[in-house]
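>>> show me how the following folds:
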Amino acid sequence: MKTSTFLLGLTTGAIGGMVAVLLSTPQSGKEFRSSLQTTKEDLQNRLADIKGSIENIKNEAQQTIPKVIEESKESFASWQAETAPIQENLQQEIASLQSSVEEIEKHLAEFQNRKNQKNNE
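Numbering: from 1, shown residues only. Take a look at the predicted model:
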């Protein structure tokens, strides 16, 4: 479909809709204009309130977010400092367990060799 045809149809439909609304409105022209003006002012006031609320939220976020980030960094640093000795202890325990496993594997291999030698005799 061509863009110009679409725009022509859209414009024609919009104009037809406006004419239908104006002709079928239960109010006189003066009352309708007054009603539209009141609605417009109400919407403008609501929009201004929303803009003000958004600005307040934005300002609060600009103040709060850096504090939260800083507190999170401090909390993480504190957690790291608290867990560092535990982490070192765990690494030592793991190293000890690994050497124990290696020793057990060595003894198991020796046992298997002795068992095989006895079976061969």
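>>> CA atoms for contacts and neighbours, from now on please.
Fine.
>>> burial count for S35?
The local packing of S35 (other CA atoms under 10 Å) involves 13 other residues.
>>> tell me where the model's unsure across this protein.
1, 27, 121 (pLDDT under 70).
>>> quick one, strands of it?
Per DSSP state E, the chain carries no strands over any range.
>>> residue nearest the centroid of it?
I65 (14.6 Å; CA atoms, centre = their mean).
>>> from I94, how far out is it?
Using CA to CA, to the nearest Å, I65 is found at 40 Å from I94.
>>> ditto for T38
Counting by CA to CA - T38 and I94 are separated by 77 Å.
>>> one more: V21?
81 Å.
>>> so where's the longest helix in this protein?
In terms of residue count, the longest helix belonging to the chain (DSSP state H) is helix 29-120.
>>> count the residues that sit near K73.
Neighbour tally, K73, other CA under 10 Å: 12.
>>> in contact with it, which residues?
Listed by CA atoms under 8 Å, 6 or more residues apart in numbering, the contact set of K73 is empty.
>>> ok, it to Q63 distance?
Going from K73 to Q63 by CA to CA gives 16 Å.
>>> do the same with G16
Here the criterion is CA to CA. By it, G16 lies 51 Å from Q63.
>>> same question for N119.
On the measure of CA to CA, N119 and Q63 end up 81 Å apart.
>>> the more surrounded of those two?
Under the criterion of other CA under 10 Å, the comparison of N119 against Q63 puts Q63 first, with 11 against 8.
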